[in-house]
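A.B. asks: got a predicted structure here, sequence first:
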Amino acid sequence: MFAISLGDDGAELTPLAPWQSEEFFAHIDASRDYIGAHIGMPDAVSDLAAAQAFLRSYAQKSVDDAGYLYGIRVDGRLVGGLMFRVFSTTSGTAEVGCWLEPAAAGKGLVTRACRTIIDWAVEQRGIHRVEWYAPSENAPSLAVARRLGMRREGVLRQHYPYRGKRADMEVWSVLAPEWRAAKEAAAGGTV
């Protein structure tokens with residue numbers, strides 16, 4: 001299996017596949033309340049069979065070039081992940097999603113991992129627009145969108161029911177030219 005280093009702290013980005021369903025389920029189950037505070041994935045991954053089905057659905061999306069799922073590991077241990085929930089080279093759009101266990105939060109792991117996959121999507125796959133959706137109450141997720149150079153496009157008020165109440169959903173995005181300009185600026189004008 002391949003692994004892409006996310007820095008010198010032992011963090012790596014790896015694919016997640018159906019054969020890893022036991023590890024994936026244990027990871028989600030151990031942090032179910034924390035991860036599920038803002039996203040419904042833990043509800044969808046309710047048991048081992050559901051975890052395997054979830055991983056299979058992303059394996060099929062990958063085959064269809066319609067979505068991708070990655071794990072974030074520190075010293076080989078799964079601590080979170082991210083996904084292209086939507087990925088369309090036809091329209092040139094993709095949507096990134098993420099999650100972390102509590103002990104991994106606040107270390108820049110999601111930001112570093114997202115930079116890696118967004119750069120691949122823009123530079124290798126021709127994606128023009130990368131979107132980020134997050135509930136207005138999810139301050140850490142919104143902070144990642146800011147660090148990635150995304151722009152807040154608006155709020156979908158009371159957009160969806162989640163655990164008994166309607167949540168506002170913020171829409172953020174970065175366009176390929178903005179991504180490249182930010183990358184060039186960070187590199188001191190040379191890319």
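C.D. replies: On my side now, so go ahead. Numbering: from 1, shown residues only.

A.B. asks: helices of this protein, start to end?
C.D. replies: In the chain, the helices defined using DSSP state H lie at 21-30, 32-35, 41-44, 48-63, 109-123, 139-147, 176-186.

A.B. asks: among the ones you listed, which is the most enclosed?
C.D. replies: Most buried of these by mean neighbour count (mean count of other C-beta atoms under 10 Å) is helix 109-123; its value is a mean of 20. From N, CA and C alone the C-beta is placed, and that goes for glycine too.

A.B. asks: low-confidence stretches in the chain?
C.D. replies: Low-confidence regions of the chain, defined by pLDDT under 70, span residues 1, 189-191.

A.B. asks: how about Asp33: what's its closest non-neighbour residue?
C.D. replies: Pro42 (8.0 Å; C-beta to C-beta, 6 or more residues apart in numbering).

A.B. asks: likewise for Leu6?
C.D. replies: For Leu6, the spatially nearest residue (C-beta to C-beta, 6+ apart) is Arg112, at 4.4 Å.

A.B. asks: so who does Arg125 touch?
C.D. replies: Contacts for Arg125 (C-beta atoms under 8 Å, 6 or more residues apart in numbering) come out as 87, 89.

A.B. asks: please redo it, this time with the cut-off set to 6 Å
C.D. replies: Thr89 (C-beta atoms under 6 Å, 6 or more residues apart in numbering).

A.B. asks: how close does it sit to Asp65?
C.D. replies: Distance, Arg125 to Asp65, by C-beta to C-beta, to the nearest Å: 9 Å.

A.B. asks: Ala139 too?
C.D. replies: 33 Å.

A.B. asks: now do Ala182
C.D. replies: In terms of C-beta to C-beta, Ala182 sits 26 Å off from Asp65.

A.B. asks: just Arg129 next, same as before
C.D. replies: From Arg129 over to Asp65 (counting by C-beta to C-beta), the distance is 17 Å.

A.B. asks: these two - which one has more neighbours?
C.D. replies: Ranked by neighbour count (other C-beta atoms under 10 Å), Arg129 and Asp65 place Arg129 first, with 18 against 13.

A.B. asks: any idea what the residue nearest to that one when sequence neighbours are not counted is bridged to?
C.D. replies: The shortest distance from Arg129 to any non-neighbouring residue, by C-beta to C-beta, 6+ apart, is to Thr93 (4.7 Å). Note on Thr93: beta-bridge partners Ser88, Arg129, judged by DSSP bridges.

A.B. asks: ok, Thr93 touching Val130?
C.D. replies: No: counting by C-beta atoms under 6 Å, Thr93 sits too far from Val130 to count as a contact (7.6 Å).
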